[in-house]
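J.: Coordinates only, no sequence provided:
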């Protein structure tokens, strides 16, 4: 059997053992010959790499490991590349969460003003990685887990030639949740799922060909607070958990303002504890504490996607791809998160029909924000950046007028040279 090379950019992430666990489990059908972990943080890379080495040795699988800070070396001849980077690290994430609060808007790492700042830092770096993939690989697949995943994937598909698929663990977590409610396996479930990354809805749920939507919705409603239950009843859909930032933005903002720590500060503490745990030379498997970091079932999503491409399985998975008519109310080149047929040629989006009026407007508005964000990040265009923030439902005119963008740019100046050219 032909053997392949898998490269992980951001290999020093504490997520990496979760990913490697999935690679090890699938080695018989996804035959990784060489696994390259690349990171700019050599200290973290060595700590995480040490645990990965023990996991591989303990599993007795024939994977050759290479750890490097040299991106070009890591990419040379790779078949699959996974990107899981955070430009500026968690310290920048904490800024993304705190700066918006100063202007009376929600601070979150993937949406709103915080996600916007994250995108500005990240898009140029990811396009630089894409240029290296174009030069150094034989048409490798890029699986992007870097947040904000949908926006970053749109930039890669529009401004590079790399075969890119964006990935998020929200859809697979929903599948596991529904499977648990129904007492079936996730392979038995098919979702009518539509939207953008972190802005999506489950419209219908099928189990072994039978419509079980009402049963699942009733089960979920029983465990929801009153306000959230009423929203589910109103739309008769299951919203992505990130939609609570939109549906309950006033309440979320008040909670954020009164919290002692942002989510990023909590994650930083978890990261530090995990890295200490990873140093333990007797540890030979992913520790249970990793679940506190988030990213549950990330390895399942990533490895299943790569396996389906490698084996040309032509199964259905929910990923981020160019629309190409899947959602008729959006441009063909807009990146959407929808069910796709996955095979050797990548991800082919399934037609999702017309959008309901009560989700269409929000999807279209946020997509226009995303497109302006991509353009402003690439061009260093302040006008487009302001326009992006102006139309985002979690930001708006007052924050823009009060100087939110100026604060974001100043606090991220070292990562945003495109905005500070003379």
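T.: That came through, no problem. What you see is a predicted model; the values in this text were computed from it and never measured. Numbering: from 1, shown residues only.

J.: can we go C-alpha only for contacts and neighbour counts from here?
T.: Fine.

J.: Check what pLDDT residue 296 gets.
T.: For residue 296, the pLDDT comes out at 68.

J.: Same question for residue 292.
T.: For residue 292, the model assigns a pLDDT of 69.

J.: show me what contacts the nearest residue to residue 156 once chain neighbours are set aside?
T.: Excluding the flanking residues, the one nearest residue 156 by CA to CA, 6 or more residues apart in numbering is residue 127, at 6.3 Å. Residue 127 makes contacts with 155, 156, 159, 160, as judged by CA atoms under 8 Å, 6 or more residues apart in numbering.

J.: can I assume the second one is in contact with residue 124?
T.: No. Judged on CA atoms under 8 Å, residue 156 makes no contact with residue 124 at a distance of 9.7 Å.

J.: who touches stretch 238-257?
T.: Residues outside stretch 238-257 that contact it (CA under 8 Å, 6+ apart): 101, 104-107, 170, 198-203, 217, 232, 262, 393-394.

J.: how about a cut-off of 7 Å?
T.: Stretch 238-257 is contacted by residues 101, 105, 106, 198, 199, 200, 201, 202, 203, 232, 394 when judged by CA atoms under 7 Å, 6 or more residues apart in numbering.

J.: Let's see if you can find the most crowded of the residues you listed.
T.: Neighbour counts for the contacts of stretch 238-257 (other CA atoms under 10 Å) peak at residue 106, which has 29 neighbours.

J.: so what's that residue up against?
T.: Neighbouring residues of residue 106 by CA under 7 Å, 6+ apart: 100, 112, 253, 394.

J.: Pick out the most distant pair among these.
T.: With CA to CA as the measure, no two of these lie farther apart than 112 and 253, at 11.9 Å.

J.: quick one: which of the two has more around it?
T.: A direct count of neighbours by other CA under 10 Å for residue 112 and residue 253 places residue 112 higher, at 26 against 19.

J.: Now pLDDT, distance to residue 339 and secondary structure too, for the contacts of stretch 238-257, in CSV please.
T.: Shown next, in CSV, are these (pLDDT from 0 to 100; distance: CA to CA, whole Å; DSSP: H, G, I helix; E, B strand; the rest coil):
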residue, pLDDT, distance to residue 339, secondary structure
101, 98, 35, helix
105, 98, 32, coil
106, 98, 30, coil
198, 98, 15, coil
199, 98, 14, strand
200, 98, 12, strand
201, 98, 12, strand
202, 98, 11, strand
203, 98, 12, strand
232, 97, 22, helix
394, 98, 27, coil
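
J.: Of these, which is the nearest to residue 9?
T.: Among the contacts of stretch 238-257, residue 198 lies closest to residue 9 (CA to CA), at 22.7 Å.

J.: gap between the closest one and residue 140?
T.: 26 Å (CA to CA, to the nearest Å).

J.: Also residue 371?
T.: Noted for residue 371: a distance of 26 Å to residue 140, by CA to CA.

J.: Sketch out the low-pLDDT regions of the protein for me.
T.: Within the chain, the stretches with pLDDT under 70 are 1, 292, 294-296, 422.

J.: rerun at 90
T.: Along the chain, segments meeting pLDDT under 90 span 1-3, 286-299, 421-422.

J.: Which residue ranges of it form strands?
T.: Counting by DSSP state E, the chain has strands at residues 4-9, 32-38, 64-68, 80-83, 141-144, 163-166, 189-196, 199-207, 210-211, 238-239, 315-322, 335-343, 346-349.

J.: Now do the helices in the stretch 1-150 of the chain.
T.: Remark: helices assigned in the stretch 1-150 of the chain by DSSP state H, counting those that start in this stretch are 16-25, 42-59, 71-75, 89-102, 112-136, 149-159.

J.: Adding distance to residue 313, write those helices out as CSV.
T.: Formatted as CSV, the helices of the stretch 1-150 of the chain follow (distance: least, CA to CA, whole Å):
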stretch, distance to residue 313
helix 16-25, 17
helix 42-59, 26
helix 71-75, 26
helix 89-102, 36
helix 112-136, 25
helix 149-159, 23
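
J.: mind checking which of those helices is nearest residue 33?
T.: Nearest to residue 33, of the helices of the stretch 1-150 of the chain and by CA to CA, is helix 16-25 at 10.9 Å.

J.: contacting residues around that closest one?
T.: Against helix 16-25 from outside (CA under 7 Å, 6+ apart): 52, 286, 298, 299, 300, 303.

J.: The first one - how many residues pack around it?
T.: Per other CA under 10 Å, the neighbour tally for residue 52 reads 25.
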